[in-house]
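> Below are the sequence and a predicted model; questions follow.
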Amino acid sequence: MLTHPTLDLLHQLGLAGMAKAFGEIEASGEAAALSHPEWLALLLDQEASYRRDRRLHARLRYARLRHQAAIEDVDYRAARGLDRALFQKLSEGSWIDAHENLILCGPTGVGKSWLASALGQKACRDNRSVLYQRIPKLFADLALARGDGRYARVQRSLGGVQLLILDDWGLEPLDAAARHDLLEIIEERYGRRSTIITSQIPVDKWHELIGDPTYADAILDRLVHNAHRINLTGHSLRRARTTKSSND
């Protein structure tokens, strides 16, 4: 068989997964034991797997998730009030298809950002577009973008992804520009896309945190009314891990 010309042609056609599998089968000496349909099926399977992996890596790079987290690694034994059935249902992603939101509240260190990242990673695996943003940095970046002409482009990127993760909401009250930016983001996504919000602040305190009553009513009406909620409790898991390590 003309191995090298075949490999060259596969690469020219952009079939890198098939080319890799072709070379591996030839090198292993298994080629003679395979029929032509088996050859083709194996090559196609490898190409499909290669393309899935590339899409996933591209989505994860774009998402810039805060943690390398996976739903399979969630610790349901930790005393933080996480409902296993609810979280596993959320991981299936039907709420994203329905353009609903998710609010993760709880004290610092109980794993809000990690759980949000795990859901984001699963959404990437399910071929959905995801973007992670830490809210204090996001508002600073939007202020810079407003000055250098990138504001509309940044807002389009925030509005376009299927799942937007807004982490660390409520660390400080919003100023006028941040209120406007948040309303623009939420308005663009309302009924079209899904958003995860993580916060140490209970939802019933968000109105005063936003500051302006008109903005607060508009933002919360679009963000909260169709949101699933996970209210975590307990002590910091980071502190517990540190204490355990020091005692080992």
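Cool, the structure landed.
> Of all the residues in the helix ranked longest in the chain, which ones are buried?
Longest helix of the chain, by residue count under DSSP state H: helix 36-63. Neighbour counts using 16 or more other CB atoms under 10 Å place 42, 43, 46, 47, 50, 59, 60, 63 of helix 36-63 among the buried residues. (Glycine included, C-beta is placed from N, CA and C.)
> Pipe those residues into TSV and attach pLDDT and distance to residue 106 per row.
Below are the buried residues of helix 36-63 laid out as TSV (pLDDT from 0 to 100; distance: CB to CB, whole Å):
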residue	pLDDT	distance to residue 106
42	75	48
43	76	49
46	76	44
47	74	44
50	77	40
59	94	27
60	96	25
63	96	22
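> Where do the helices of this protein begin and end?
Counting by DSSP H, the helices of the chain are 3-12, 16-28, 36-63, 84-91, 94-97, 112-125, 135-148, 151-160, 176-189, 206-210, 213-223, 237-247.
> where in this protein is pLDDT low?
For the chain, the stretches with pLDDT under 70 are 1-4, 29-32, 34-35, 39, 237-248.
> Would you map out the domains in it?
3-62, 65-247 (automatic domain parsing).
> which one of those domains is the most hemmed in?
Ranked by mean neighbour count, these are led by domain 65-247 with a mean of 17 (mean count of other CB atoms under 10 Å).
> ok, back up a step: tell me which of the helices of the chain lies nearest to residue 198.
Nearest to residue 198, of all these, is helix 112-125, at 4.1 Å by CB to CB.
> residues making contact with that closest one?
56, 59-60, 63, 65-71, 73-74, 82, 87, 90-91, 93, 96, 102, 104-106, 130, 132, 162-163, 165, 167-168, 196, 198-199, 230, 232 (CB atoms under 8 Å, 6 or more residues apart in numbering).
> repeat for stretch 217-229
Contacts of stretch 217-229 (CB under 8 Å, 6+ apart): 86, 90, 95, 99-103, 105, 179, 182-183, 186-187, 190, 195, 197, 203, 206-207, 210.
> Can you give the distance from it to the centre of its chain?
20 Å (CA atoms, centre = their mean, to the nearest Å).
> And the closest residue to residue 186 other than its chain neighbours, how far from residue 168?
Setting aside the residues directly before and after it, residue 186 is nearest to residue 222 in space (CB to CB, 6 or more residues apart in numbering), at 4.9 Å. Remark: distance between residue 222 and residue 168 (CB to CB, to the nearest Å) = 20 Å.
> Just give the closest residue to residue 48, not the sequence neighbours.
residue 17 (7.3 Å).
> cool, and residue 158?
Closest to residue 158 by CB to CB, 6+ apart is residue 185, at 5.2 Å.
> Next up, the contacts around that neighbour.
With CB under 8 Å, 6+ apart, residue 185 has these contacts: 155, 158, 159, 164.
> Okay, it and residue 192: tell me how far apart.
12 Å.
> Show me the common contact partners of the two, please.
Here residue 185 and residue 192 have residue 159 as joint contacts, going by CB under 8 Å, 6+ apart.
> Enumerate every residue touching the residue nearest to residue 48.
46, 47, 48, 49, 50, 51.
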